[in-house]
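Engineer: below are the sequence and a predicted model for it; my questions follow.
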Amino acid sequence: MYIYQGGIGMLKKSGLFSIMLLCVFSLSVFAQEIDLIDKAPQAKWGTTAGDTLAFGADGRERGTVRYEHDGVLEDGKQRARVLYTHPQWKVYGNILGTFSDISIPKEGGKLIIAGGFLQGAQASDGVKFSVHFNPTAESTETPQNVKVKRRVPMDQRMGIASGRVLGTFDAKYDGKIDRVEADLKDVAGQTGDIILAVQAMNTSDFDWAVWTIAKLVFGDVQEPTQPILHKTLRGHNNRIYRASFSPNSRYVVTASGDSLAKVWDVNSGNMVMALKGHSSHVFSAQFSPNNSRVVTAGGETAKIWEVSTGTQIKMLIGHSKRVSSAAYSPDGGVIVTTSEDGTAKLWNAQTGKEIRSIDVKQGWVYDAAFHPNGKSVVIGAQGGLVGLWDVANGRQIRTFSGHTRAITSVAFSPDGRFIGTSSIDNTAKIWEAGSGRLVQTLQGDTIGQVSFSADNKYVITANVGGVAKVWNIQDGKELMTIEHSSPAQRVFSATFSPDGKYIVTAGDDQTAKIWRMTK
């Protein structure tokens, strides 16, 4: 991690630890969301002809429903995950997914759906996407005059689902993804089944239909309550570039300009280990996924440490200039480092041997983070460069254009859909990972780390002016400010504990602060 100072770059490594904000802010009312794509494996899938389909299995002529990962759609953009629903292989064939006992609040809400085709479905003559609400009706026709609940029957005329249509659109293979938003006021206060339906036209041979969005959203977003300072971690005698939690949330590791990394107990705030071995600034420190090791970056090397003993067990030697960041892959098998020498390197985390060097060709390379599937890395460098590289072959996949100055931090959202970046141009940006499309620009003097919440809805940024900020990805709204230090000082690091109980911030004032979420 480096932060620019007097023309000399000093940036920080982004962490991938994040939490679910819906769980941590007491008395906060966030928009509740039912993501039907996430819940697709739990739905009942079939056809109006009575066929039952197993999620993830090829139903052949009866239809197919499954996830498609990293697929390229008709608009030429790659999506991390979509819901693939091929209808029956016949005229006006269909496929239906039933999500049982969905309650719509009396205040209502909205339905958001979007979809189209996988690339290559040019021969399709189109499909109809629709979402239906099949209410639970009450009947008193029992001998004991006891109310029982029954389902309103589905209409099978023309082979389509009935019930109240909440939203629908006709999709053609036209190079675009269709999107519809619909108000749920007409079914507010009711409970019933939500049905996702895709209907073929005269032919279904090439109806490679996919849902990119299918969700119900209820309620309003309100500003969360402010967290309470839990512990102040004092002991470094230079600025702290990064502070992050262990995956089990029991410890924090800090990386400082005093050439040390330190491990702290979250509950007590006591230092439990000092990792001594770097000869100059330590810019990055991160736990391994199994909590047992820490990788640090400083000088021209990265070092791997055994947490239980504080022993250095590997040194990653190969960069010719200062190493700015080091991070583990999601499975812990690979480490990525970045350096002022213009490269990012991949290393075997067990042997310490270099696997591959990526020449970014953009001057200093400051930060890198793995995709949640471990197959690609996003890299941030000098001049505003943000790029995605393939881990297996080291080839560049795409670039993300928009920043004007050096990138201080990069991070993937947990679901892999988004990339967050922060720059010394004083903005953070949210990108669609599969397409490179800019989703949000967060204006707020961001300078340090950016990371995502576990539900993929929020980001936290480290800022100048001594603060960290929490933002809503959907609308780019600033939800909360955490005051770490005086306005004259910078916050370089801000991240959430994986268990959702704490936030840690760190920066110029030589301290890290652990903030407890109120309950």
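Structural biologist: That came through fine.
Engineer: how far out from the middle of the chain is the helix or strand harbouring Ala326?
Structural biologist: Secondary structure assignment for Ala326, by DSSP states H and E: strand 323-328. The chain centroid and the centroid of strand 323-328 are separated by 20 Å under Cα atoms, centre = their mean, to the nearest Å.
Engineer: who does it pair up with?
Structural biologist: Using DSSP bridges, the strands paired with strand 323-328 in its sheet are strand 334-339 (antiparallel).
Engineer: what's downstream of the partner strand, the next helix or strand?
Structural biologist: Going down the chain from strand 334-339, the next helix or strand is strand 343-348, by DSSP H and E.
Engineer: and that next one, what's its mean pLDDT?
Structural biologist: Strand 343-348 shows a mean pLDDT of 98.
Engineer: what packs against it?
Structural biologist: Packing partners of strand 343-348 (3 or more Cβ pairs under 8 Å, 6 or more residues apart in numbering; DSSP states H and E): strand 334-339, strand 354-359, strand 365-370, strand 376-381. Where you see a C-beta, it was placed from the backbone N, CA and C, and this is true even at glycine.
Engineer: in the chain, which strand has the most residues?
Structural biologist: strand 127-139 (DSSP state E).
Engineer: off-centre distance for that strand?
Structural biologist: 31 Å.
Engineer: now that strand - C-alpha only, PDB.
Structural biologist: The C-alpha trace of strand 127-139 is given here as PDB (Å, rounded to 0.1, in the frame of the first residue of the first chain):
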ATOM      1  CA  VAL A 127     -39.200 -15.600 -25.600                       C
ATOM      2  CA  LYS A 128     -41.600 -14.000 -23.100                       C
ATOM      3  CA  PHE A 129     -40.200 -13.400 -19.600                       C
ATOM      4  CA  SER A 130     -42.800 -12.900 -17.000                       C
ATOM      5  CA  VAL A 131     -43.300 -12.900 -13.200                       C
ATOM      6  CA  HIS A 132     -46.600 -13.900 -11.600                       C
ATOM      7  CA  PHE A 133     -48.100 -13.700  -8.200                       C
ATOM      8  CA  ASN A 134     -50.300 -16.700  -7.200                       C
ATOM      9  CA  PRO A 135     -52.000 -15.700  -3.900                       C
ATOM     10  CA  THR A 136     -53.000 -18.000  -1.200                       C
ATOM     11  CA  ALA A 137     -56.800 -17.900  -1.000                       C
ATOM     12  CA  GLU A 138     -59.000 -18.700   2.000                       C
ATOM     13  CA  SER A 139     -62.000 -21.000   1.800                       C
END
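Engineer: quick one: residues contacting Glu432.
Structural biologist: Taking Cβ atoms under 8 Å, 6 or more residues apart in numbering, we find Glu432 in contact with 77, 417-418, 438-439.
Engineer: okay, now the unreliable bits of this protein?
Structural biologist: Applying pLDDT under 70 to the chain flags the ranges 1-31, 80, 137-162, 220-225, 518-519.
Engineer: which parts of it belong to which domain?
Structural biologist: 21-25+223-516, 32-218 (automatic domain parsing).
Engineer: can you give me the neighbour number for Gly332?
Structural biologist: 16 (other Cβ atoms under 10 Å).
Engineer: my guess is it meets Ser292, correct?
Structural biologist: No - using Cβ atoms under 8 Å, Gly332 makes no contact with Ser292, being 9.0 Å away.
Engineer: which of the domains of the chain sits most buried?
Structural biologist: Most buried of those, by mean neighbour count (mean count of other Cβ atoms under 10 Å): domain 21-25+223-516, with a mean of 21.
Engineer: residues in contact with the residue nearest the centre of the chain?
Structural biologist: Centroid-nearest residue in the chain, with Cα atoms, centre = their mean: Ser413, separated by 1.8 Å. By Cβ under 8 Å, 6+ apart, the contact set of Ser413 is 419-420, 433, 452, 456.
Engineer: Ile34 too?
Structural biologist: 102, 215-216, 218.
Engineer: same check on Ala381?
Structural biologist: Going by Cβ under 8 Å, 6+ apart, Ala381 touches 338, 342, 360, 362-366, 387, 406-407.
Engineer: for it, give the beta-bridge partners.
Structural biologist: Val365.
Engineer: go on, Phe245?
Structural biologist: Under the criterion used here (DSSP bridges), Phe245 is bridged to Val252.
Engineer: quick check: it touching Thr495?
Structural biologist: Yes - counting by Cβ under 8 Å, Phe245 does reach Thr495; the two are 6.8 Å apart.
Engineer: hang on, Val459 in a helix?
Structural biologist: No - the assignment for Val459 (DSSP: H, G, I helix; E, B strand; the rest coil) gives strand, which keeps it out of a helix.
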